[in-house]
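[1] I would like the atomic coordinates for the input below:
(chains A, B, C and D)
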Number of protein chains: 2
Amino acid sequence: MAKAQFEPVQPVRAYERIVEQIEEALARGDLSPGQRLPSERELVTQFAVSRSTVREALRVLASNGIVRSRPGDPNGPEILPYSLGALRKQMTRLARVDELSLRELIGFRMIMDGAAIQLASRLRTDEQLAEMEQTLVAMREAIDVDFEAFSEADVAFHEAVARVSRNSLIQVCNEVVRGVVLSLIADKIAHAPNSRALMLESLQHHTEVVEAIRTGDGHAAARLARQNLYDYYATYVPTPDHPHLQALIDDA
Amino acid sequence: MAKAQFEPVQPVRAYERIVEQIEEALARGDLSPGQRLPSERELVTQFAVSRSTVREALRVLASNGIVRSRPGDPNGPEILPYSLGALRKQMTRLARVDELSLRELIGFRMIMDGAAIQLASRLRTDEQLAEMEQTLVAMREAIDVDFEAFSEADVAFHEAVARVSRNSLIQVCNEVVRGVVLSLIADKIAHAPNSRALMLESLQHHTEVVEAIRTGDGHAAARLARQNLYDYYATYVPTPDHPHLQALIDDA
DNA sequence: ACGGCGTACTGGTCAGACCAGTGGACCAAG
DNA sequence: CTTGGTCCACTGGTCTGACCAGTACGCCGT
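    Presented below is the predicted three-dimensional model:
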């Protein structure tokens, strides 16, 4: 008997076809952010389906952050610019149900941040270096305010670095995963008894990283960055998972 | 004038409330994968809204991979197990954004693949190592078939490595960006006059990587992997961008 | 014990209706 | 000429009620 590979067949819903068509038009460039879709009643005639079907398609597109409908708007549904909202939502959702472990999130963050810093140490201009140093100053000042301010300044630092990496995928991934991690354990850090000591140590670490960036030693800078993230977050990761993260640091 | 920060106010739709309630019940654990939702008509009475509204909520949940409805199923919509599918979808959308240059995609791929291989060289079992070696054999055989077969075997190799990294974020990112890159330049490679030579060289590179994984030298393995990707794809990247990629390889 | 069949449901789609809200044209008052 | 109001055509959000094809399940005759 030849291996007759059969696949389960499932009906394609009408509203799915509509979603496909619109997504395709968007990918092709026939549609672009800022433009408007025809009104629902107009789409009804164009797609030759009922309004409920058109609406279900629009709901799907809306929940994916692709369009937005506002009641009463005579211009019709708006095509939104690309946004990280949906990506962030999915990642947060998975992290909340432990489908994504903290180990995976932080490991990913170590990789992303390390890469960004490695790139930055090679590609940075003097001006950008000064910018990074400026964020260090802001961090130093924020320590005396509260953890939230410090966290904000920390974000500013990492975003400055990511910008210098000149790779928007890194920027975006970094931003998303950073946000998710922070939302998971921000309060734990903020309420840590030694939170001030943590901030001081973190600042020290960041300073070392910038120093490595200045000298252009990308490899050392990346290693430092990963080590710092590990030190900062490891206590929140189950001990058996530690080797998985350390594997990203060792160079031997 | 004090800075009175106002926020745009927007109405909350009824179907959004339903989505929220169901998602919340899921996060709380009142609902869990495998269970069934009441039928649409039942939900109509529970939420005290019309069926269209219930359906729009279900469409949103379905498009997020949370539930699945099958016509005729008397048990009602099924709550799906958590899956990375939706995350993958969003990630793909991100990688397809127009403003993304090939340089960024390939740079990202170098980072992801390098990290996966670094992790794999530390975490792999002997069995997994054998598995990777097996994919090398498949690649060798595929060379004599055609580029498509080779490409498939290559994908199998990288997926095996990504699995060993035990980080699903790496897996997903790797898979997505690999697919996008391939879709952009697969035919260019396939129709290259020296495509067979390219395949042979690629195989050689992969063999070296596996050797480094065997010896557990994660750093060398990662470096090799990034170098290989660079060699493989650099010709398709504008020359001025080359330093941006080389910065990921140099160790000095 | 078993295949065939009916039935009571399901989800997918449709048609038509009402309402609150929007943008724009128009117009009168400053 | 600007400003504020009124009005209107139209929008999206929601509802009602209907039909159809498909499914699970139990009944039934064999």
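[2] Remind me which helix or strand the spatially most central residue of chain A belongs to.
    The centre of chain A sits closest to residue A:176, judged by Cα atoms, centre = their mean, with a distance of 1.7 Å. In this assignment (DSSP states H and E), residue A:176 forms part of helix A:168-190.
[3] and the angle for that helix with helix B:168-190?
    180 degrees (axes from the mean of the first three to the mean of the last three Cα atoms, to 10 degrees).
[4] Flag every residue of chain A that's near DNA strand D.
    Residues of chain A that fall close to DNA strand D, judged by Cβ under 7 Å from any atom of the strand: A:11, A:37, A:39-42, A:51-52, A:55, A:58, A:69-74, A:76-77. Where you see a C-beta, it was placed from the backbone N, CA and C, and this is true even at glycine.
[5] out of those, which are buried?
    Applying 16 or more other Cβ atoms under 10 Å in any protein chain shown to the residues of chain A next to DNA strand D, the neighbour count classes A:37, A:40, A:52, A:55, A:58, A:69, A:76-77 as buried.
[6] What about DNA strand C: which of those residues touch it?
    residue A:52.
[7] and the buried ones among the residues of chain A next to DNA strand D, which of them are in strands?
    Counting by DSSP state E, no part of those is found in strands.
[8] and the buried ones among the residues of chain A next to DNA strand D, which of them are in helices?
    Residues from those lying in helices, with DSSP state H as the criterion: A:40, A:52, A:55, A:58.
[9] what's the third one in contact with, if anything?
    Listed by Cβ atoms under 8 Å, 6 or more residues apart in numbering or on different chains, the contact partners of residue A:55 are A:40, B:52, B:56.
[10] So the residue nearest to the centre of chain A sits against residue A:87, correct?
    Yes. Assessed by Cβ atoms under 8 Å, residue A:176 is found in contact with residue A:87 at 5.7 Å.
[11] thinking again about what came up before, return the distance of the helix holding residue A:176 from the chain's centre.
    Remark: helix A:168-190 is offset 7 Å from the chain centroid, using Cα atoms, centre = their mean, to the nearest Å.
[12] buried stuff in that helix?
    Neighbour-count burial for helix A:168-190 flags A:168-181, A:184-185, A:189 (criterion: 16+ other Cβ under 10 Å).
[13] Compute the inter-axis angle for the helix or strand just after that helix and helix A:168-190.
    Later in the chain than helix A:168-190, the nearest helix or strand by DSSP H and E is helix A:195-215. Using the same axes, to 10 degrees, the direction of helix A:195-215 lies 150 degrees away from that of helix A:168-190.
[14] Would you mark the buried spots in helix A:195-215?
    Those buried within helix A:195-215 under the rule 16+ other Cβ under 10 Å are A:195, A:198-199, A:202-203, A:205-206, A:208-210, A:212-213.
[15] helix or strand right after that helix?
    Heading C-terminal from helix A:195-215 (DSSP H and E), you reach helix A:218-233.
[16] which helices and strands does that next one pack with?
    With contacts defined as 3 or more Cβ pairs under 8 Å, 6 or more residues apart in numbering or on different chains; DSSP states H and E, helix A:218-233 has these neighbours: helix A:102-123, helix A:195-215.
[17] Could you export the ones you listed as a markdown table, including mean pLDDT?
    As requested, the helices and strands packed on helix A:218-233 are exported to a markdown table (pLDDT from 0 to 100):
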| stretch | mean pLDDT |
| --- | --- |
| helix A:102-123 | 95 |
| helix A:195-215 | 92 |
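[18] looking at those helices, which is closest to residue B:133?
    When those are compared by Cβ to Cβ, helix A:102-123 sits nearest residue B:133, at 25.3 Å.
[19] mean confidence for whichever helix or strand comes after the closest one?
    Counting by DSSP H and E, the element after helix A:102-123 in chain order, helix or strand, is helix A:126-143. Confidence for helix A:126-143, expressed as mean pLDDT, is 94.
[20] before we move on, what about stretch A:77-92?
    Here the average pLDDT along stretch A:77-92 is 93.
[21] what distance separates it from the centre of its chain?
    That offset, for stretch A:77-92, works out to 11 Å (Cα atoms, centre = their mean).
[22] Any regions of the stretch 151-252 of chain A where pLDDT drops low?
    A:251-252 (pLDDT under 70).
[23] Now the residue in it that DNA strand D sits nearest to. Nearest residue, chain neighbours left out?
    Relative to DNA strand D, the nearest point of the stretch 151-252 of chain A is residue A:176 (26.7 Å; Cβ to the nearest atom of the strand). Nearest residue to residue A:176 in three dimensions, chain neighbours excluded: residue A:88, at 5.1 Å (Cβ to Cβ, 6 or more residues apart in numbering or on different chains).
[24] Residue A:171 now?
    residue A:162 (4.2 Å).
[25] tell me the contacts of that neighbour?
    A:116, A:170-171, A:174-175.
[26] can you rerun that using 6 Å?
    Contact analysis of residue A:162 by Cβ atoms under 6 Å, 6 or more residues apart in numbering or on different chains lists A:116, A:170-171, A:174.
[27] now do residue A:43
    Taking Cβ under 6 Å, 6+ apart as the test, what residue A:43 contacts is residue A:54.
[28] circling back to that earlier point, tell me which residues in the helix or strand hosting the residue nearest to residue A:171 are buried?
    Assigned by DSSP H and E, residue A:162 belongs to helix A:147-164. In terms of neighbour count (16+ other Cβ under 10 Å), helix A:147-164 has its buried residues at A:147, A:149-151, A:153-154, A:156-164.
[29] Off-centre distance for that helix?
    Relative to its parent chain, helix A:147-164 has a centroid offset of 14 Å by Cα atoms, centre = their mean.
[30] With respect to residue A:6, which of the buried ones among the residues of chain A next to DNA strand D is nearest?
    Lowest distance from residue A:6 to those (Cβ to Cβ) belongs to residue A:52, with 33.2 Å.
[31] Now the closest one: closest residue in space, sequence neighbours ignored.
    Of all residues not flanking residue A:52 in the chain, residue B:52 sits nearest, at 5.7 Å (Cβ to Cβ, 6+ apart).
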